[in-house]
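*Asks:* got a structure for you, letters missing:
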């Protein structure tokens with residue numbers, strides 16, 4: 001933890017040196033760069049307190065990941081026909097929203113660091129495009145990555161479902177054709193409203209659900225939600241390139 005404190009303090013010092021200008025946390029004079037009183041408070045009190053809270057969140061994440069690992073080692077009874085499209089464990093993907101606040105908070109920290117470098121070193125926002133994209137990608141992967149542990153279970157459920165429902169569909173269709181295609185022609189008048197037609201439609205729907213089973217217990221909506229939470233703090237940085245009026249004008253033209 002102390003290593004993180006001094007690493008961030010060194011980064012602040014290097015930023016002030018690169019800028020060769022006074023900031024709220026450091027000032028330059030003939031003898032070099034020195035922390036201001038606010039800088040000492042920020043480095044040796046605010047940052048350790050923030051890191052303590054952050055490490056508590058990381059501990060919770062580790063406990064959550066360990067719980068997922070233990071559950072993935074169980075002999076789970078998953079069914080490919082479950083409406084959630086994930087064998088019955090699709091709710092695990094929705095649980096990722098609980099970590100959106102921590103992603104937003106860390107994104108705000110990263111956004112603040114980039115803003116400092118833009119304001120005091122003269123760099124522009126496009127220079128940090130890869131850093132921002134890498135952070136968002138790493139954050140989403142960090143939260144949803146552990147859910148991939150359920151891939152073997154979902155793969156087995158999908159294979160079993162495709163086999164069993166495929167065999168059931170074949171038997172039903174053969175009997176349907178035998179009755180209605182090759183049976184007594186006088187019975188065709190009862191075709192409308194026959195429960196066999198509805199059963200065939202229901203079976204087709206169930207077969208489509210089985211074939212569409214996801215191999216991971218999360219979907220596009222879960223991924224997009226985390227991307228928004230991790231990337232939202234970077235949006236104010238666009239004000240370093242455009243004025244508020246110009247930004248609102250561009251957004252208005254985009255949606256109109």
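*Replies:* Nice, thanks for sending it over. Since the structure is predicted, the reported quantities are computational estimates derived from the model, not experimental observations.
*Asks:* residues of stretch 84-101 that come out buried?
*Replies:* By neighbour count on 16 or more other C-beta atoms under 10 Å, the buried set for stretch 84-101 is 84, 85, 86, 87, 88, 89, 90, 92, 93, 96, 99, 100. The way it works is simple: take the backbone N, C-alpha and C, and place the C-beta from them, glycine included.
*Asks:* How about stretch 39-52?
*Replies:* For stretch 39-52, the neighbour count (16+ other C-beta under 10 Å) marks 39, 42, 43, 47, 51 as buried.
*Asks:* Could you list the low-pLDDT ranges of the stretch 151-256 of the chain?
*Replies:* Within the stretch 151-256 of the chain, the stretches with pLDDT under 70 are 183-197, 247, 250, 254-256.
*Asks:* run the last query once more with 80
*Replies:* Along the stretch 151-256 of the chain, segments meeting pLDDT under 80 span 176-204, 206-207, 242-256.
*Asks:* Please enumerate the helices of it.
*Replies:* Secondary structure of the stretch 151-256 of the chain (DSSP state H, counting those that start in this stretch): helices at 151-180, 195-211, 220-231, 244-255.
*Asks:* Dump the buried residues of stretch 84-101 into TSV; add pLDDT and secondary structure as well.
*Replies:* Listed next are these as TSV, based on pLDDT from 0 to 100; DSSP: H, G, I helix; E, B strand; the rest coil:
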residue	pLDDT	secondary structure
84	85	coil
85	85	coil
86	87	coil
87	87	coil
88	87	coil
89	89	coil
90	87	coil
92	88	helix
93	86	helix
96	83	helix
99	88	helix
100	89	helix
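*Asks:* now, which of those sits nearest residue 202?
*Replies:* residue 85 (17.2 Å; C-beta to C-beta).
*Asks:* Kindly provide the distance from the closest one to residue 227.
*Replies:* Distance, residue 85 to residue 227, by C-beta to C-beta, to the nearest Å: 21 Å.
*Asks:* Format the helices of the stretch 151-256 of the chain as JSON lines; extra columns: distance to residue 77.
*Replies:* Listed next are the helices of the stretch 151-256 of the chain as JSON lines, based on distance: least, C-beta to C-beta, whole Å:
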{"stretch": "helix 151-180", "distance to residue 77": "9"}
{"stretch": "helix 195-211", "distance to residue 77": "16"}
{"stretch": "helix 220-231", "distance to residue 77": "23"}
{"stretch": "helix 244-255", "distance to residue 77": "47"}
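*Asks:* For residue 56, which of those is the nearest?
*Replies:* Closest to residue 56 of the helices of the stretch 151-256 of the chain, according to C-beta to C-beta: helix 220-231, at 18.9 Å.
*Asks:* which helices and strands does that closest one pack with?
*Replies:* Under the contact definition 3 or more C-beta pairs under 8 Å, 6 or more residues apart in numbering; DSSP states H and E, helix 220-231 sits against helix 100-121, helix 129-144.
*Asks:* Go through the buried residues of stretch 39-52 and name the one nearest residue 30.
*Replies:* The shortest approach to residue 30 among the buried residues of stretch 39-52 belongs to residue 39, at 18.5 Å (C-beta to C-beta).
*Asks:* Just name the most buried of the helices of the stretch 151-256 of the chain.
*Replies:* Mean neighbour count (mean count of other C-beta atoms under 10 Å) peaks for helix 220-231 among the helices of the stretch 151-256 of the chain, with a mean of 17.
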